[in-house]
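Undergrad: Below: sequence and its predicted model.
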Amino acid sequence: MHSIQLTLHASESNPKFRRSWMFPRAIRKIYPWKLAQICQILNQMALNNWSQDIQNEFSRLLTAGNLKGQNDIRDPKSGGARTYISQLESIGLLYRNKKELFFTLAGKSLIDFETPLKVLQHQLLNYQYPSTYSNGRNVRIDPDIRIKPFVFVLKLLKHASIKYLTVDEITFCVVYGHNSGCEDLIIGKVLDFRKGNSSRSDLLNFIDNPLEDLSTPKATQKDNAKKLLVEAINVANTFKNYLISSSLAYEEAGTKNIIISEEFTDVIDDSILNINNFIPYTPGFDEKFTRAYGSWNKKKDTTTNSERKKLNKGEAIISSQFFEYIGNVLITESAEDFISKMTKDFGFNRDLVLDVITPLIPKSLTFFESKYLELSKGGVATARDFELATAELFRTRLGIDATHTGSIHKKGVGGYSDIILSNESLGECAIADTKASSYYTLPSTDYAKMISNYIPNYKQLGLASDHTLGFILYVAGGLGGEIQSKLLTLYKESGFPASAINAKTLIEVAQIRDLKKDHIWEKLKTNKVLKTSDFH
DNA sequence: GCCAGAGTGATGGGGAGTGT
DNA sequence: ACACTCCCCATCACTCTGGC
């Protein structure tokens, strides 16, 4: 155990093993709703005899559901479907026993709408080598490599001298992340890379022994360092897409820099503390490993799962399309857009569509969470969608009247805030401004806009002219700096309570059951950066 | 031990999408 | 309009299995 470095050295030139990370890339953006979509389709198949025929049928269903391209299967023994299965297995949603497939508890939770984003985060934070996947015949990651890739990179992202990573820099992790002791080596390489203002074309210069370090058992051109490096960059790109899909990190607006998501600090820090706690893996006991890996909240889930209702082929397509829809659109009461798409484009009967989706609607918000977080940090590119989604969230999920005023043009000087909230029963309204920023500090220009434009102007909108102004609210992806004291100053100067809330908190509040509108309204007046616990 | 057929999933590339 | 990024997938090199 003390000789990890030595053992690695001994196998360094063993061409039987891969020396770098690998992830299945059937799909790279593994958004929770997308994984749920694939699991949903798979769940309609007969899983007790996973033959090539069933695999081809699975491929056809993926095509029918617009989940993959419209290509016909040319090779009768196509590995396409197997790559999807391998991917679901590698993140612990599925395990295999001889010719049968089974969902793990994590996999079941995903289809059952139980906190899908948390499930994915948990699975990635527990992703480890060695594993069933890393020991797989075509992967063959060196069994001495012992690391949790996602936790390792998140820890680097927290490092004071690193702070962000690009795909090029993540390639160093892919190639040299053999155990947690490799951190210093990688930090050194990243800093050297930055110091030289290097680009992708310089990357190979930072690989010590390209042909050995980049070697994989299946590479067809084992002596072509450039090709091998492209492959490692591809793995880094896949890794980045996995990580971003889980919302644990995000791409900084306008750059290619990957940055840690502050709002998930608690789960991330907990995983960093446990970075050296591995799930035991013994080659040959693959089912045992994956079931342990996939039992994400085992303590809670002791009930025997009742057999899920099998949907027919049409219903499975409607259902899986609906997962995609609710992953990308915050739906109101009726999902009319979706219904008309399914009737017009797919030719389904309206009643059938309603039958399938009606039970899914109440919990649909849990799938929109990752999209909302993405919008909340996207800068100018997503600012408008973030305004609209926030207004919709207030209206349909918090029961508070909200009007999107961000695009109303004001004659003369100044403008209006993004959203006006109103509460008839109290005779009050409120000004809300959204900021699609990951680190919003309420800068002085915004402060001035509030004082000199939004507050004096809002009554001209005629939406709430007879209402008194109850409070001012900022909604942003992330909040930081001196925002707390600035809110207090704003309150003192304007006379109106001023609060701020981040996107994650707002969407969590929207998921709390039985919150009364007036209760939320009062909490929004508390003059501070709000937390979910403030609303209970 | 040898062979043939079945199983496997990484590899490399076509091409859609995106930014400028 | 052009360059670049990166998504998704079918192929195919390799391994395994079982019959003799």
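TA: Arrived safely. Numbering: from 1, shown residues only, chains lettered A, B, ... in the order given.
Undergrad: near DNA strand C, anything from stretch A:276-295?
TA: No: Stretch A:276-295 lies apart from DNA strand C when judged by Cβ under 7 Å from any atom of the strand; the minimum separation is 10.3 Å. Any C-beta I mention is one placed from the backbone N, CA and C, and that applies to glycine too.
Undergrad: Just the buried positions in that stretch, please.
TA: Burial within stretch A:276-295, assessed by neighbour count using 16 or more other Cβ atoms under 10 Å, is assigned to A:279, A:281, A:286, A:289, A:290, A:291, A:292, A:293, A:294.
Undergrad: Give me the neighbour count for the residue in the stretch 101-250 of chain A that DNA strand C sits nearest to.
TA: Relative to DNA strand C, the nearest point of the stretch 101-250 of chain A is residue A:241 (4.3 Å; Cβ to the nearest atom of the strand). When neighbours are counted by other Cβ atoms under 10 Å, residue A:241 registers 18.
Undergrad: follow-up on the earlier one: go back to the buried residues of stretch A:276-295 and keep what's next to DNA strand B.
TA: Counting by Cβ under 7 Å from any atom of the strand, no member of the buried residues of stretch A:276-295 is near DNA strand B.
Undergrad: DNA strand B contacts on the stretch 251-400 of chain A?
TA: residue A:381.
Undergrad: Look up the closest residue to the closest residue to DNA strand B within the stretch 251-400 of chain A, ignoring the ones flanking it.
TA: Nearest to DNA strand B in the stretch 251-400 of chain A, going by Cβ to the nearest atom of the strand, is residue A:381, at a distance of 6.6 Å. In space, residue A:381 comes closest to residue A:253 once its chain neighbours are excluded; the distance is 6.6 Å by Cβ to Cβ, 6 or more residues apart in numbering.
Undergrad: Surely the one you found and residue A:375 touch.
TA: No: look at residue A:253 against residue A:375 with Cβ atoms under 8 Å: they stay out of range, at 11.0 Å.
Undergrad: Quick check: neighbours shared by the two?
TA: residue A:436 (Cβ atoms under 8 Å, 6 or more residues apart in numbering).
Undergrad: nearest spatial neighbour of residue A:418, skipping sequence neighbours?
TA: residue A:406 (3.9 Å).
Undergrad: next one: stretch A:225-243 to chain centre, how far?
TA: 20 Å (Cα atoms, centre = their mean, to the nearest Å).
Undergrad: With just CA atoms, put that stretch into CSV.
TA: Output of stretch A:225-243 as CSV, limited to C-alpha atoms (Å, rounded to 0.1, in the frame of the first residue of the first chain):
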residue,chain,number,x,y,z
ALA,A,225,1.7,10.6,-30.3
LYS,A,226,-0.5,13.2,-31.8
LYS,A,227,-3.4,10.9,-32.4
LEU,A,228,-3.1,9.5,-28.9
LEU,A,229,-3.2,13.0,-27.5
VAL,A,230,-6.3,13.9,-29.5
GLU,A,231,-7.9,10.8,-27.9
ALA,A,232,-6.9,12.0,-24.4
ILE,A,233,-8.4,15.5,-25.1
ASN,A,234,-11.6,13.7,-26.2
VAL,A,235,-11.7,12.0,-22.9
ALA,A,236,-11.2,15.4,-21.1
ASN,A,237,-14.0,16.8,-23.2
THR,A,238,-16.3,14.0,-22.2
PHE,A,239,-15.3,14.4,-18.6
LYS,A,240,-16.1,18.1,-18.8
ASN,A,241,-19.5,17.4,-20.2
TYR,A,242,-20.3,14.9,-17.5
LEU,A,243,-19.3,17.4,-14.8
